[in-house]
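J.: fold the following.
(chains A and B)
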Amino acid sequence: MAELPPTHGPASRAAALATAYISHRHGSPGHGWVLRDVRRARREDSTVNCTAEVLYHLGNEKSAPDVQFTIEGELKNTDEADNAFYNRIQSLKKELEAENIPDSYGNVSPEMQPIRALAWAASGYVIWQNSTENTKYQLAQIKHVKQVKRTDEYLEFDYVILLHENVSQEIIPWQMTVLWHPQHGIEVTQNSCQAKHALD
Amino acid sequence: MRALLLLAALGAVAAATTENFVGHQVLRIVPSSDAELQKVQELQELEHLQLDFWLSPRGLGNPVDIRVPFPSLQPVKAHLEANGVPYSIMIEDVQALVDLEQMQMLRRRRFVPLSTSTFDYTSYHTLEEIYAFMDLLVAENPNLVSKLEIGRTTENRPIYVLKFSKGGTNRPAIWIDTGIHSREWVTQASGIWFAKKIVQEQDEGLANILDQMDIFLEIVTNPDGFAFTHTSNRMWRKTRSKRSGSLCVGVDPNRNWDAGFGGSGASSNPCSETYHGPYANSEPEVKAIVDFVKSHKNIKAFISIHSYSQLLLYPYGYTTTAVPDKEELHQVAKEAVAALSSLYGTNYKYGSIITTIYQASGGTIDWTYNQGIKYSFTFELRDTGRYGFLLPASQIVPTAQETWKALEVIMAHTRGHLY
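T.: Take a look at the predicted model:
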């Protein structure tokens, strides 16, 4: 097996995918995962070492890549932040709705930080499912998010996000329905690629 | 985005005529049958309702947006519901949105700076503000800075380059451009900071460079695209050229150069973000630089600045063949990145375009290198994807500062190795 220099394009694409996958598995409104270096994945306030193995199924692009990962050390407990967010949303009189997070200037209000962290983790799933050796996706922006009230204990959010694909440079609108509960984690129940406006 | 654009026009009208939109709603209907379409078209005839079609009926599947004045809401909704035409309320209260936008605009409207000392380097600016800044800089430093118009864009905007020169005739020069891809806002913002930095030239290194060389700085290399990111689509990358036969607009200015033009690593689809254009230099923004470089004949370093990814790259992008000067360029890149990181610890990778990111044909620095400009580099500035194109303004100055350290290395090396 040939060694890939960490500075090389293919290695950085695989690393981005691994980050997205790990983000999906371990992300929550309380915190997010960001890739700091090809050999490390970084959380908001502390850096942990992470090793990941990415297996692309060449010739079968419909199949999501396999990702195996190990995290060195303890992950910080985010129960407090997660529960605070959960209670805040449950107590809202009107369903949460927002647009353009971050805004054009990179601003994210404190109230929207967990909404963004949630989108980050959920988009990890979407990215993982749609990645190939020749793609590198990043969540560029949340265009729109609307809470959907539920009768059970889960929170549900309907997102339209923009994914930036770094090889084709396309900005792809993507719809995703995200279910979350502090104890049960994140689930993307529905997601679909949206059509780009030809007239933009 | 579209709603906000039309709202801007609305806001202006409101100010002029003191019309108010309290209680007005904007309804969206997407007719999915001829019957539904007909019912919507009927609404256009009912003048007494004073309906304002933001998007007129165009056909099945195309959204129809209607601003409905408060008194007409009930009859319009009744008409739609009675005929089984589904609709959604896009805007619950038009006046509330107008008020919000006015408030936001007032908040963002800074006082017009009277000098480059009061200019706000820590926030993002519009095209008009940047062009005003350039004029201020020239006025304050007439012996060092001049402004050249090197061409006009598709939409007829002037393309300006700042020239920093202590004299001489056609001295060997360094070229820096920012904003060739309009959505990469930290680059234009950094360009402004570089311009100010150069005139301050308090350190010996820069003074030495300016004693022997000129610096050309094009801050807004894609003015049409940049204006579009402010008015319509923050994620716009390309130029705004239109071609008959396609609904799609724009050409990727970093695939439009005459180096491996049209080969792998660019798209022939006009709707693609990496569309190379109908032929090399089809874009006036690109042609202007090509003409400038060819007529100047003495540019020794060419640095084209993008974001994001935190990379310092040298040619080639269109081929795996290594450039003859690879060893030297690699070494310069290594030093430049070390200098950059020394400031805030920002992590950069470096290498040739094709090995470090991907194959890209028709790129700027491939062309400039092939013209004989040995020190041809491309930067991809902060960050690595956490904010991507939407980099918070608080990072503008740190980004510009660390990038400048790298530029100093490249410029000093060029000056010490003139050819």
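
J.: what's around the closest residue to chain A within chain B, how many residues?
T.: Residue nearest to chain A within chain B: B:P392 (3.4 Å; C-beta to the nearest C-beta). Yep, even glycine has a C-beta here, placed from its N, CA and C like the rest. For B:P392, the count of nearby residues is 18 (other C-beta atoms under 10 Å in any protein chain shown).

J.: contacts only, for it.
T.: A:102, A:105-107 (C-beta atoms under 8 Å, 6 or more residues apart in numbering or on different chains).

J.: pick out the most distant pair among those residues.
T.: Comparing every pair within those by C-beta to C-beta identifies A:P102 and A:Y105 as the most remote, at 7.6 Å.

J.: tell me the residue of chain A that sits nearest chain B?
T.: For chain A, C-beta to the nearest C-beta, closest residue to chain B: A:G106, 3.4 Å.

J.: let's verify that residue: helix, strand, or coil?
T.: Secondary structure, DSSP: H, G, I helix; E, B strand; the rest coil: A:G106 is coil.

J.: cool, A:T189 as well?
T.: strand.

J.: how far away is it from A:P182?
T.: A:T189 is 18 Å from A:P182, where distance means C-beta to C-beta, to the nearest Å.

J.: from the chain's centroid, how far away is stretch B:87-100?
T.: Its chain's C-alpha centre and that of stretch B:87-100 lie 30 Å apart, by C-alpha atoms, centre = their mean, to the nearest Å.

J.: whoops, stretch A:186-200 was the one
T.: Using C-alpha atoms, centre = their mean, the offset of stretch A:186-200 from its chain centre is 14 Å.

J.: in chain A, where is pLDDT below threshold?
T.: A:1-7, A:36-46, A:197-200 (pLDDT under 70).

J.: switch the cut-off to 90
T.: Residues of chain A that meet the criterion pLDDT under 90 lie in A:1-16, A:19, A:21-49, A:58-63, A:73-77, A:195-200.

J.: was I right about B:L49 contacting B:I66?
T.: No: with contact defined as C-beta atoms under 8 Å, B:L49 does not reach B:I66; the gap is 9.4 Å.

J.: okay, and the common contacts of these two?
T.: Listed as contacting both B:L49 and B:I66 by C-beta under 8 Å, 6+ apart are B:43, B:76.

J.: more crowded one of the two?
T.: Counted by other C-beta under 10 Å, B:L49 and B:I66 do not tie: B:I66 has more neighbours, with 25 against 18.

J.: rewinding a little: narrow the contacts of B:P392 to those that are buried.
T.: With burial judged by 16 or more other C-beta atoms under 10 Å in any protein chain shown, the buried subset of the contacts of B:P392 is A:102, A:106.

J.: quick one, what contacts the closest residue in space to B:A189 that isn't next to it in sequence?
T.: Nearest residue to B:A189, sequence neighbours excluded (C-beta to C-beta, 6 or more residues apart in numbering or on different chains): B:I396, at 4.5 Å. B:I396 is in contact with B:121-124, B:186, B:189-190, B:193, counting by C-beta under 8 Å, 6+ apart.

J.: 7 Å instead, please
T.: Neighbour list for B:I396: B:121-122, B:186, B:189-190 [criterion: C-beta atoms under 7 Å, 6 or more residues apart in numbering or on different chains].

J.: now do B:A412
T.: Shown in contact with B:A412 (C-beta under 7 Å, 6+ apart): B:205, B:209.

J.: quick check: buried residues in the helix or strand where it lies?
T.: Under the criterion of DSSP states H and E, B:A412 resides in helix B:396-416. Within helix B:396-416, the residues scored as buried using 16+ other C-beta under 10 Å are B:396, B:399-400, B:402-415.

J.: out of A:T189 and A:P182, which sits in the busier spot?
T.: A direct count of neighbours by other C-beta under 10 Å for A:T189 and A:P182 places A:P182 higher, at 19 against 10.

J.: quick check: residues of the stretch 201-350 of chain B near chain A?
T.: Neighbours of chain A within the stretch 201-350 of chain B, by C-beta under 7 Å from any C-beta of the partner chain: B:233-235, B:237, B:247-248, B:271, B:273-274, B:347, B:349.

J.: buried subset of those residues?
T.: Buried among these (16+ other C-beta under 10 Å): B:233-235, B:237, B:248, B:273-274, B:349.

J.: so which of the residues you listed sit within helices?
T.: Counting by DSSP state H, none of the members of those fall within helices.

J.: need those residues in TSV with pLDDT and distance to A:Y86, can you?
T.: Listed next are those as TSV, based on pLDDT from 0 to 100; distance: C-beta to C-beta, whole Å:
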residue	pLDDT	distance to A:Y86
B:N233	96	35
B:R234	97	31
B:M235	97	32
B:R237	98	38
B:C248	95	44
B:E273	97	38
B:T274	97	42
B:K349	97	39
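
J.: report the two of these separated the most.
T.: Longest span within those, C-beta to C-beta: B:C248 and B:K349, 32.7 Å.

J.: the chain: helices as residue ranges?
T.: As the question left the chain open, I've gone with chain A. Assigned by DSSP H, chain A shows helices spanning A:9-26, A:79-90, A:113-130.

J.: that answer is for a different chain, and I need it for chain B
T.: B:2-17, B:34-45, B:70-82, B:94-108, B:127-140, B:185-200, B:204-212, B:223-231, B:284-296, B:326-344, B:353-356, B:364-370, B:396-416.

J.: please identify the deepest-packed of the ones you listed.
T.: Burial of the helices of chain B is given as mean neighbour count (mean count of other C-beta atoms under 10 Å in any protein chain shown); helix B:364-370 ranks first at a mean of 25.

J.: show me what that one is packed up against.
T.: Using 3 or more C-beta pairs under 7 Å, 6 or more residues apart in numbering or on different chains; DSSP states H and E as the contact test, the elements touching helix B:364-370 are strand B:299-307, strand B:375-381.

J.: the strands in chain A, which residues?
T.: Per DSSP state E, chain A carries strands over the ranges A:33-37, A:40-43, A:47-55, A:66-71, A:97-101, A:137-148, A:155-165, A:171-181, A:185-193.

J.: centre of chain B to the edge, which residue is at the far end?
T.: B:A82 (47.9 Å; C-alpha atoms, centre = their mean).

J.: domains in chain B, by residue range?
T.: Listed domain ranges for chain B are B:25-92, B:103-416 (source: the TED database).

J.: mean pLDDT lowest for which of those domains?
T.: Comparing mean pLDDT over the domains of chain B, the weakest stretch is domain B:25-92, at a mean of 89.

J.: got JSON lines for the buried ones among the residues of the stretch 201-350 of chain B next to chain A, with distance to A:H31 too?
T.: Output for these, formatted as JSON lines (distance: C-beta to C-beta, whole Å):
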{"residue": "B:N233", "distance to A:H31": "31"}
{"residue": "B:R234", "distance to A:H31": "27"}
{"residue": "B:M235", "distance to A:H31": "27"}
{"residue": "B:R237", "distance to A:H31": "31"}
{"residue": "B:C248", "distance to A:H31": "40"}
{"residue": "B:E273", "distance to A:H31": "32"}
{"residue": "B:T274", "distance to A:H31": "35"}
{"residue": "B:K349", "distance to A:H31": "26"}
